[in-house]
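Asker: the amino acid sequence is not available; the structure is as follows:
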């Protein structure tokens, strides 16, 4: 069993920042690419960001590029998502995922967390 757990969600106003953390069990962390996805109300699940096992490669969805930063501390089995200049359209449940490849596609990830709610409203 592989466990992923998100934390750090909450309610903020437009323009503010939040930092999400994903904590992974050892089996999920080692050698795996890790990613963030989100699903807003009435929307399909959307790719947010991915980071390679080494942390040397990252990729971002177009809607968050330049505002969000993904980082990884493999020694401590943690991944973070720094979200700046938040907008109302960023309101969603954010999910952490782990898989054996570096991908934007949700179907390439075998392990998922339960999600954490981020709400951006004036």
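Answerer: Everything's here; your move. Remember, it's a predicted structure, so these values are computed and weren't measured experimentally.

Asker: can you pull the contacts of the residue most central in space within the chain?
Answerer: In the chain, the centroid-proximal residue (Cα atoms, centre = their mean) is residue 36; its distance is 2.4 Å. Applying Cβ atoms under 8 Å, 6 or more residues apart in numbering to residue 36 gives the contacts 20, 22, 48, 49, 50, 70, 79, 81, 94, 95, 96, 97. All C-beta spots, glycine's among them, are computed from the backbone N, C-alpha and C.

Asker: for the residue nearest to residue 32 when sequence neighbours are not counted, phi and psi?
Answerer: Excluding its sequence neighbours, the residue lying closest to residue 32 (Cβ to Cβ, 6 or more residues apart in numbering) is residue 98, at 4.5 Å. Main-chain torsions, residue 98, degrees, to the nearest 10: phi -130, psi 140.

Asker: since we're on residue 98, how many residues are nearby?
Answerer: Residue 98 has 26 neighbours, counted by other Cβ atoms under 10 Å.

Asker: so what's the closest residue to residue 45 other than its chain neighbours bridging to?
Answerer: Nearest residue to residue 45, sequence neighbours excluded (Cβ to Cβ, 6+ apart): residue 39, at 4.6 Å. Going by DSSP bridges, residue 39 is paired in beta bridges with residue 93.

Asker: if I look at residue 39, how far off is residue 78?
Answerer: Distance, residue 39 to residue 78, by Cβ to Cβ, to the nearest Å: 22 Å.

Asker: kindly report the same for residue 57.
Answerer: For residue 57, the distance to residue 78 - Cβ to Cβ - is 18 Å.

Asker: swap in residue 24?
Answerer: For residue 24, the distance to residue 78 - Cβ to Cβ - is 7 Å.

Asker: give me the more crowded residue out of the two.
Answerer: Using other Cβ under 10 Å, the more surrounded residue of residue 24 and residue 78 is residue 24, with 24 against 15.

Asker: which ones are touching the more buried one?
Answerer: 2, 3, 4, 32, 34, 77, 78, 79, 96, 98.

Asker: who does it bridge with?
Answerer: Beta-bridge partners, per DSSP bridges, of residue 24: residue 4.
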